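Asks: The amino acid sequence is not available; the structure is as follows:
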């Protein structure tokens with residue numbers, strides 16, 4: 001039930017967004033055991049240097065104008081090993097399907113309690129039952 005936001009620069013081929021989207025989803029299926037049909041993503045193109053900013057270097061990692069931000073909001077409960085595997089898989093997969101370097105893939109994981117989710121009809125399917 002992750003909600004994924006992917007921000008990238010504009011001007012990429014039409015197939016770019018779909019390839020990056022699939023890369024992130026496949027990595028979540030592989031490392032977080034997300035069901036294949038659990039697919040909620042928001043992809044947004046941004047003007048490089050104006051709407052999408054990153055330092056040229058941070059923590060010894062070089063970034064270019066082609067930086068891609070991936071923010072995943074998901075339920076709590078994954079291990080540190082799963083998180084590390086997710087980050088590595090996303091960076092590798094995106095770099096394999098595009099001209100984006102793994103160093104240009106910035107990932108942020110936001111964990112929430114399951115009760116904080118509604119997938120439609122105003123229902124909270126994972127919230128404790130009201131007595």
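Replies: Looks like it came in fine. Everything quoted here is computed from the prediction, not taken from an experiment.
Asks: any idea which residue sits dead centre in the chain?
Replies: residue 70 (3.6 Å; CA atoms, centre = their mean).
Asks: show me the contacts for that one.
Replies: Going by CB atoms under 8 Å, 6 or more residues apart in numbering, residue 70 touches 4-6, 24, 90, 105-108. Placement of C-beta: from N, CA and C, glycine included.
Asks: ok, so of those, who is nearest residue 75?
Replies: Of all these, residue 75 sits closest to residue 4, with 13.4 Å by CB to CB.
Asks: Let me know how buried the closest one is, in neighbour terms.
Replies: For residue 4, the count of nearby residues is 20 (other CB atoms under 10 Å).
Asks: Not counting sequence-adjacent ones, nearest residue to it?
Replies: Leaving out its chain neighbours, the residue that sits closest to residue 4 by CB to CB, 6 or more residues apart in numbering is residue 41, at 4.4 Å.
Asks: what does residue 28 give?
Replies: residue 34 (4.2 Å).
Asks: Let's verify that neighbour: helix, strand, or coil?
Replies: Secondary structure for residue 34, judged by DSSP: H, G, I helix; E, B strand; the rest coil, is coil.
Asks: And the strands in this structure?
Replies: Here the chain has its strands, by DSSP state E, at 3-9, 40-46, 57-58, 61-62, 68-75, 105-112.
Asks: For my notes, please list those strands in TSV and give distance to residue 86 and mean pLDDT for each entry.
Replies: Shown next, in TSV, are the strands of the chain (distance: least, CB to CB, whole Å; pLDDT from 0 to 100):
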stretch	distance to residue 86	mean pLDDT
strand 3-9	11	97
strand 40-46	15	96
strand 57-58	20	96
strand 61-62	17	98
strand 68-75	8	97
strand 105-112	8	98
